[in-house]
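*Asks:* show me the folded form of this:
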Amino acid sequence: MAFTIGDLIEHAVDLMPDRIALESGDRSRTYAELEARSNALAHHLRGLGVRPGDRVGLYSRNTIESVEAMVAIFKARAVMVNVNYRYVEAELDHIFTDSGMTVLFHERQYSPRVANVLSDGGSADGGSADRGGHESARPVIAHRVVIDSDTDTDADSDADADSGTEVGAVASPVDFEEAIAASSTERDFEERSDDDLYMLYTGGTTGKPKGVVWRQEDIWRVLGGGIDWSTGQPVTDEWEHARIGEAGGQLVRFAIPPFIHGGSQWAVLQALFGGGKAIVYPDFDADEAWAAIERHGVHVVFITGDAMGRPMIEALGRRDYDTSTLFTVASSACLFSPSIKDQFVEKFPNAIIIDAIGSSETGFGGMAVVAKGQSHVGAPRVNADKQTHVLRPDGSQVTPGSGEVGVLARTGHIPLRYHNDPKKSAATFKAFNGIRYSIPGDYARVESDGTITMLGRGSVSINTGGEKVYPEEVEAALKAHPDVFDTVVVGVADDRFGQRVAAVVATRDGARPTLGELAYVVRKELAGYKTPRSVWFVDEIKRSPAGKPDYRWAAAITEGGPADETAEAARPANAAATR
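*Replies:* Numbers count the residues shown, from 1 in each chain. All right, here's what the predicted structure looks like:
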């Protein structure tokens, strides 16, 4: 028995080979076709010298081919490295070097960028260990497999041809389809192990991207359905997902966020474990997302909070789409503000609207079914599972209903470590009283009914006169103002209080609400010291491809020029009384 990604997908292939597994526009793959093509790619990897535990990069948007490559990597027992397709060359150099990847799948449009990184010889401050344990100060990629896409141009194609037979120490790239055509489609791989690894690179809110290393069984337990969502009981039969899928109707899932985001990867993998159909499209556009939901008869759609939810719900106000098949909208990994939740509930009164919490270091942490008119702000107030806790610094659990703030921690099935970072690993994965926890740094509060209210990542919290302010709760309150389309809240220097709250705001149609108007909507939900004291207006808020706010970018905006409006920073003498 092996609870590995490769085995779980193969069980669905064996039971439902003729079902459609993947669909994008008018293109599709059956389970049998996915099996044959991913087997061929896995054999190609083995032919390149890839062995269990070696790292293989995937630098692509959401396409059918990227899923085939993903499955092939797991079949070959290699470790996939997700590469953010928006990274610039310095960031690519870091992830290429830090991961120690030896092979890279990438879309042809990214060839010039990859070639530049590899020909420059990598970063002098990086380092990674190869299989022999030797340190390397540059990327060690020896082979590339190039995926064609609809956005490729002649210039992109010429980039590889002009690079000659080598780029540094890298052999000429192999075309994706040629690799498949030249390789065996047989499933003749050795037995896999529950200890086979899964790694997810996460940018986080500060520092360089870091790889979170899991055992495949552990990540499957918390994100892939290995613990039954409704009963909380662990799945004991590796064929269970496939057999349930075979017996029931085919569920159609549409994971809109890019596959660089772990939640999106696992939404697709869950579909494949159970014989479902996964809809994949390379780019996000609100109208095109609804058109895809209509075209493919989507049942479950996955989004990242307001970053996708707001433009999507507004698109429905401009045009009607057939959404009659949709019965679940699930959001995770990004703020899903109450005002946007209410609009989804109103538009889809018979659907289940879910707001979930989790991270690369914890997997699933809990979820809430959204009801109209909920009064909480910030990230969701969720029903957490039995392995999720809120701890004090000494490892004791916060008392429910006390109002005390602690750090979110998960035990049970958690990661092994951060790749190449023992110091960060020791700080995040801690043991108290013999119990090992993953503590990524999210602050939370336990309510009297046992639910958990998320407050935000501690690394971006604002300390104003000794009071902690969590940006997400202020951002959620600000979005209740009709002119605020998107916002990021950060701390700026204050001579008296150390920091004060500042908002970087993108508005609708060039509107310019006053700071007083913005403060008014915040004060209706939050204490006075949490209201923004300065505001910068921008055309667009910068977010990661997964929809997460870029707090470093927002801080640079506040440091790059004077605020558009600033309130008197000094509080009145009776400030303590007004809090």
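
*Asks:* from now on I want contacts and neighbour counts done on CA atoms only, so please keep to that.
*Replies:* Fine.

*Asks:* go through the lengthiest helix in the chain and flag the buried ones.
*Replies:* Ranked by residue count under DSSP state H, the longest helix found in the chain is helix 31-47. For helix 31-47, the neighbour count (16 or more other CA atoms under 10 Å) marks 31-46 as buried.

*Asks:* same thing with stretch 46-60?
*Replies:* Buried, per 16+ other CA under 10 Å, within stretch 46-60: 46, 50, 52, 54, 55, 56, 57, 58, 59, 60.

*Asks:* would you confirm that the fifth one contacts residue 100?
*Replies:* Read it as residue 55. Yes. Using CA atoms under 8 Å, residue 55 is in contact with residue 100, at 6.4 Å.

*Asks:* can you list the domains in this protein?
*Replies:* Residue ranges for the domains of the chain, per automatic domain parsing: 31-216, 284-457, 461-578.

*Asks:* save these as a markdown table, and put in distance to residue 246 and mean pLDDT too.
*Replies:* Converted to a markdown table, the domains of the chain look like this (distance: least, CA to CA, whole Å; pLDDT from 0 to 100):
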| stretch | distance to residue 246 | mean pLDDT |
| --- | --- | --- |
| domain 31-216 | 13 | 84 |
| domain 284-457 | 17 | 92 |
| domain 461-578 | 32 | 87 |
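
*Asks:* now render those domains as CSV, adding distance to residue 261.
*Replies:* Shown next, in CSV, are those (distance: least, CA to CA, whole Å):
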stretch, distance to residue 261
domain 31-216, 8
domain 284-457, 9
domain 461-578, 6
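
*Asks:* picking up where we left off before, which strands and helices sit next to the next helix or strand along the chain from the longest helix of the chain?
*Replies:* Counting by DSSP states H and E, the next helix or strand C-terminal to helix 31-47 is strand 55-59. Counting contacts by 3 or more CA pairs under 8 Å, 6 or more residues apart in numbering; DSSP states H and E, strand 55-59 packs against helix 64-75, strand 79-82, strand 103-107.

*Asks:* okay if I get those as JSON lines plus distance to residue 20 and mean neighbour count?
*Replies:* Output for those, formatted as JSON lines (distance: least, CA to CA, whole Å; neighbours: other CA atoms under 10 Å):
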{"stretch": "helix 64-75", "distance to residue 20": "12", "mean neighbour count": "25"}
{"stretch": "strand 79-82", "distance to residue 20": "24", "mean neighbour count": "25"}
{"stretch": "strand 103-107", "distance to residue 20": "24", "mean neighbour count": "24"}
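
*Asks:* quick one: closest of these to residue 180.
*Replies:* Across the helices and strands packed on strand 55-59, residue 180 has its closest neighbour in helix 64-75 (10.5 Å, CA to CA).

*Asks:* which other helices and strands contact that closest one?
*Replies:* Using 3+ CA pairs under 8 Å, 6+ apart as the test, helix 64-75 ends up in contact with helix 5-15, strand 20-24, helix 31-47, strand 55-59, strand 79-82.

*Asks:* between the longest one and strand 20-24, how big is the angle?
*Replies:* Using axes from the mean of the first three to the mean of the last three CA atoms, to 10 degrees, the inter-axis angle of helix 31-47 relative to strand 20-24 is 80 degrees.

*Asks:* and if you look at the first one?
*Replies:* On the basis of the same axes, to 10 degrees, helix 5-15 is oriented at 110 degrees to strand 20-24.

*Asks:* what is helix 5-15 packed up against?
*Replies:* helix 31-47, helix 64-75, helix 240-247, helix 262-273.

*Asks:* need those helices in CSV (columns: distance to residue 215).
*Replies:* Shown next, in CSV, are those (distance: least, CA to CA, whole Å):
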stretch, distance to residue 215
helix 31-47, 20
helix 64-75, 12
helix 240-247, 19
helix 262-273, 15
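
*Asks:* which one of these lies nearest to residue 330?
*Replies:* Comparing the helices and strands packed on helix 5-15 under CA to CA, the one sitting nearest is helix 262-273, at 10.4 Å.

*Asks:* which strands or helices does that closest one pack on?
*Replies:* Using 3+ CA pairs under 8 Å, 6+ apart: helix 262-273 touches helix 5-15, strand 252-255, strand 277-279.

*Asks:* would you tell me which one of those is buried the most?
*Replies:* strand 277-279 (a mean of 27; mean count of other CA atoms under 10 Å).

*Asks:* thinking again about what came up before, for residue 567, which of the helices and strands packed on strand 55-59 is the nearest?
*Replies:* Using CA to CA, the helices and strands packed on strand 55-59 put strand 79-82 closest to residue 567, at 43.4 Å.

*Asks:* roughly how far out does that closest one sit from the chain middle?
*Replies:* In terms of CA atoms, centre = their mean, to the nearest Å, the centre of strand 79-82 is found 14 Å from the chain centre.

*Asks:* list the helices and strands the helix or strand following that strand packs on?
*Replies:* Note on strand 79-82: by DSSP H and E, the next helix or strand toward the C-terminus is helix 89-99. In terms of contacts (3+ CA pairs under 8 Å, 6+ apart), helix 89-99 is packed against helix 111-119, strand 128-129.

*Asks:* before we move on, the earlier item: can you add distance to residue 516 and give the buried residues of stretch 46-60 back as a markdown table?
*Replies:* Output for the buried residues of stretch 46-60, formatted as a markdown table (distance: CA to CA, whole Å):
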| residue | distance to residue 516 |
| --- | --- |
| 46 | 63 |
| 50 | 60 |
| 52 | 59 |
| 54 | 56 |
| 55 | 52 |
| 56 | 52 |
| 57 | 49 |
| 58 | 47 |
| 59 | 45 |
| 60 | 44 |
